[in-house]
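Student: this one's structure only:
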């Protein structure tokens, strides 16, 4: 059965997408699969695979969580059982609190060397030159031998997938690159972005004039911390009676809108964006599939553009390049909304749509098959790890929402996510 772990302070263990761990206690031993968290401090789906239990674990008893020593310099995580379930044949459920003061830290070098494997426009697949511990590299800046720069969109170690900067040169096949572990890609953020149309780097598009930015923020920010969140208690009205009454959304929540364009999913999102101007909720509309000019024209015609920032991806690019830019645009929209949320502002991010995220994920799957072969990719262990990594991949966007408590500014960020089909 699932076991929930809650960590104190920054949950560094949550950064590992999927790895073998073991629960150790004198009377107990179990191999488990460690899956990514749904919130920054809560680790869910902690499943036992080969449990061997002699007796029921008592509440308050101690245990440790271990990973293979090849993945971490020190691999033991002391924990304490908070709640123990009833003893059922060879199964046990529990919750534990990790003592972060004695938690082992992932040891990564300051710089990682990579080699270009494949280029599809500005979307580049690289391979790490040396084996490194499992870690999230998304958002790190990669510098190529030719002088080009890019940002890590996702990693499926040992492969790393990078989107090169649209305002500079692209990568070249077979060249080398360097990734600085502590160098995160940042973008300008400001309330002055409301009423503007920008790309994922924060630059204006459609020949718009430059405008000032007050601060910068990480393009791929961290999940909202549980300690910074308040109980969701206020509704976010879309202005559509059927939606607000039958499937209401609270400030700080996600809503997935599934359906074809013919069924009006985009029109629903535009109507929701227009309504936010009437309620004082700032809106960030992310257009990943082109056609943003028609969206901007409608927002202006309905007197809502002054309250909306539009972030666009270049849909004219090659298929994978455009898809990767769509992923980066969604991250940029979330970064801007997080900046406004920190000022106490309620915000809504519309991601139109998630098909680009699916395309990038499928590309990473194909790259792994090319690297390791179809036989390895079809193995049960590989599929289980891939399922966990896919949750981690999408959660880097979904989990940035939240209704913040007063100490964290009291603002909120909600999301409408459009999708043609699950």
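Tutor: Done, it's in. Owing to the predicted nature of the structure, the values given are computational and were not obtained by experimental measurement.
Student: Can you pull the phi and psi angles for residue 349?
Tutor: Backbone torsions of residue 349, given as degrees, to the nearest 10, read phi -110, psi 120.
Student: Show me the beta-bridge partners of it.
Tutor: residue 284, residue 415 (DSSP bridges).
Student: I'd like the distance between it and residue 413.
Tutor: 6 Å (C-beta to C-beta, to the nearest Å). Just so you know, the C-beta spots here come from the backbone N, C-alpha and C atoms, and that holds for glycine as well.
Student: Common neighbours of the two, please.
Tutor: 334, 337, 401 (C-beta atoms under 8 Å, 6 or more residues apart in numbering).
Student: Pretty sure residue 413 is one of the things the first one touches, is it not?
Tutor: Yes. In this structure, residue 334 is within contact of residue 413 by C-beta atoms under 8 Å, at 7.3 Å.
Student: Need the residues touching each of those two.
Tutor: 349, 400.
Student: What are the buried residues along the helix or strand where residue 155 lies?
Tutor: Per DSSP states H and E, residue 155 falls inside strand 149-156. Judged by neighbour count using 16 or more other C-beta atoms under 10 Å, the buried positions of strand 149-156 are 149, 150, 151, 152, 153, 154, 155, 156.
Student: can you check stretch 174-184 too?
Tutor: In stretch 174-184, counting by 16+ other C-beta under 10 Å, buried: 175, 177, 179, 184.
Student: The helix or strand where the second one lies pairs with which strands, and in what direction?
Tutor: In this structure, residue 177 is located in strand 176-184 according to DSSP H and E. The pairing partners recorded for strand 176-184 under DSSP bridges are strand 111-120 (antiparallel), strand 140-144 (antiparallel).
Student: from these, which stretch is densest packed?
Tutor: strand 140-144 (a mean of 21; mean count of other C-beta atoms under 10 Å).
Student: tell me the average confidence for stretch 196-208?
Tutor: For stretch 196-208, mean pLDDT rounds to 87.
Student: follow-up on the earlier one: in its sheet, which strands sit next to the helix or strand following the strand holding residue 155, and in what direction?
Tutor: Note on strand 149-156: by DSSP H and E, the next helix or strand toward the C-terminus is strand 159-164. Here strand 159-164 has these sheet partners by DSSP bridges: strand 123-128 (antiparallel), strand 149-156 (antiparallel).
Student: What lies in contact with the strand holding residue 155?
Tutor: 122-124, 136-144, 160-165, 168, 171, 179, 185, 219-220, 324, 327-328, 360-361, 364, 367-368, 389, 393.
Student: If you count residues, where's the longest helix of the chain?
Tutor: Secondary structure of the chain per DSSP state H: the longest helix is helix 319-342.
Student: List the buried residues in that one.
Tutor: 320-342.
Student: returning to that earlier point: out of the strands paired with strand 176-184, nearest to residue 189?
Tutor: For these, the distance to residue 189 is smallest for strand 140-144, at 17.4 Å, taking C-beta to C-beta.
Student: which residues touch the closest one?
Tutor: Applying C-beta under 8 Å, 6+ apart, the contact partners of strand 140-144 are 114, 116, 126, 149-152, 160, 162, 164, 171-172, 175-181, 183-185.
Student: and what of stretch 194-206?
Tutor: So stretch 194-206 is in contact with 165-167, 187-189, 193, 208, 210-211, 213, 219, 282, 292-293, 296, 305-314, 325, 328-329, 331-332, going by C-beta under 8 Å, 6+ apart.
Student: What's the end-to-end length of that stretch?
Tutor: 15 Å (C-alpha to C-alpha, to the nearest Å).
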